[in-house]
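1. Please work out how this folds:
(one chain, ligands or ions: 1)
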Amino acid sequence: MIFKDKFFLVTQMNLTAKSPILPLTTDLQHAVDRFTPPSPLGFGSVMAPIMAKADYSDGHWSHVELKAYQPLTLDPACKSLHYGQQIFEGMKAYALADGRGALFRPLLNLRRLNESAARMAMPELPEALFMQALESLVYHLQPLIPRGRDESLYLRPLMLATDTGLSLKPATKYTFLVIASPSGAYFSSSKVTALIERQDCRAAPGGTGAYKVAGNYGAAIRADIKAARLGCQQTLWLDAVQKTYVEEFSGMNFFALVDGELWTPPLSDTILGGITRDCVMQIAGTMDIGVKEAPIHINDLIAAIKSGHCLELFACGTAAVVSPVHALAEQDGTVYDLPSLKPVDSISLKLRNYLIAVQTGEKAGPGDWLCPVSSN
Ligand SMILES: Cc1ncc(COP(=O)(O)O)c(C=O)c1O
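-> Reported below is the predicted structural model:
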């Protein structure tokens, strides 16, 4: 419950005073003007030519700067390379009809980044710094926000320890960056099968699973490779202790539609509190769809799929939005298929379309979710 209450409070956050948009130098403006997106765009594969950067030392953050996108110079003994003090966020800016770019619930990402920072003994970021970095970057990259179906400007804020030294102590110097990638859909395949991972675990109680810590994702790659080898596009993680309860996908939260109700596992210290998860729950409320946050035994889920009580599964996250999952699979080749629904009957597609309409400014959301970026 503590996580639910904490997350509920987060949804009430409002922006405080706005910091000015940082100017671009002529060289950086030229770099933006010259940028030509590849075709197809892909997801996260091409980087915008500018980034935002701030450094932390002596207990203080520097001002944010806009810079040319460029490699970092890191000492080979720098602490993030050895001890993994690296955290990040995933967000998107959307193109509005009037040409402006808009962030979506950005303070929730700040809140989660600062929770990740606290867990990893890293310094928190002030709201003004975080928002100035994002708004300045998005403002100048507005012409590069793609406008096609499923396209947006994917934003990746990240923080890493930069001090040199091999002693296992918290670093005293950090770098914060925001990089941006004009991107298309996350899943290249329209059919998604998730492999139920029954050996490895993603997150253990008391560990870092509820935070966006880089190492969580590195530790999931082996299972994702196994899944891909077996023809699956995702890994469905079970709890680390009993290997029995559904937790989430490697980078997305989990929902099942059972007897007309949405089931999702309750947040805990092993599940990332997704902002999309929160949106889906609020949108479901406006559509009179009940949501049950309760532990989901994998055997109950499989039984509900086999008996036809579970009609839909979906993954949700910033990158994947709301993506239907068409089947679950076991390592021995057993597949549990979900029925093929007509698009008009699919609740996950209704939720997805609703969310995208809010993100692109076509529809008002249940909350004040969209933050258009402007120069004043
Ligand atoms: C492990 C994990 N779960 C869930 C999510 C979904 O979170 P959000 O909806 O905030 O993108 C993400 C993505 O950030 C993730 O990495």
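
2. residues from this structure in reach of the ligand?
-> By CB under 6 Å from any ligand atom, the part of the chain that sits against the ligand consists of 90, 248, 251, 252, 253, 272, 274, 275, 276, 277, 317, 318. In this view, the C-beta of every residue, glycine as well, is placed from N, C-alpha and C.

3. repeat that for 8 Å
-> Applying CB under 8 Å from any ligand atom, we find that the chain lies next to the ligand at 89-91, 108-109, 112, 202, 209, 212, 216-217, 248-253, 271-279, 316-319.

4. Buried among those? Make that a PyMOL selection.
-> To isolate the buried ones among those in PyMOL, judged by 16 or more other CB atoms under 10 Å, type:
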select buried, resi 89+90+91+108+109+112+202+209+212+216+248+249+250+251+252+253+271+272+273+274+275+276+277+278+279+316+317+318+319
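
5. which residues does the residue nearest to residue 28 when sequence neighbours are not counted contact?
-> Nearest non-adjacent residue to residue 28, counting by CB to CB, 6 or more residues apart in numbering: residue 50, 5.3 Å away. By CB atoms under 8 Å, 6 or more residues apart in numbering, the residues touching residue 50 are 24, 28, 31, 32, 66, 67, 68, 69, 137, 140, 141, 180.

6. Any quick ChimeraX command for the buried ones out of those?
-> Remark: buried members of the contacts of residue 50, expressed as a ChimeraX selection using 16+ other CB under 10 Å:
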select :24,28,31,32,66,137,140,141,180
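
7. Now flag whichever of the contacts of residue 50 is closest to the ligand.
-> Set against the ligand, the nearest of these by CB to the nearest ligand atom is residue 180 (15.9 Å).

8. Pairing partners for that closest one in the sheet, please.
-> Beta-bridge pairing of residue 180 under DSSP bridges involves residue 155.

9. got it, and residue 291?
-> With DSSP bridges as the criterion, residue 291 is bridged to residue 262.

10. quick check: domain ranges of the protein?
-> Listed domain ranges for the chain are 2-185, 193-359 (source: automatic domain parsing).

11. Where among the ones you listed is average confidence lowest?
-> Comparing mean pLDDT over the domains of the chain, the weakest stretch is domain 2-185, at a mean of 92.

12. and residue 117, what element?
-> helix 106-119 (DSSP states H and E).

13. Report all helices and strands that that helix contacts.
-> helix 2-10, strand 86-88, helix 127-141, strand 152-161, helix 275-286 (3 or more CB pairs under 8 Å, 6 or more residues apart in numbering; DSSP states H and E).

14. angle of it against helix 127-141?
-> Calculated by axes from the mean of the first three to the mean of the last three CA atoms, to 10 degrees, helix 106-119 forms an angle of 130 degrees with helix 127-141.

15. Near residue 321, how many other residues are there?
-> Residue 321 has 26 neighbouring residues, counting by other CB atoms under 10 Å.
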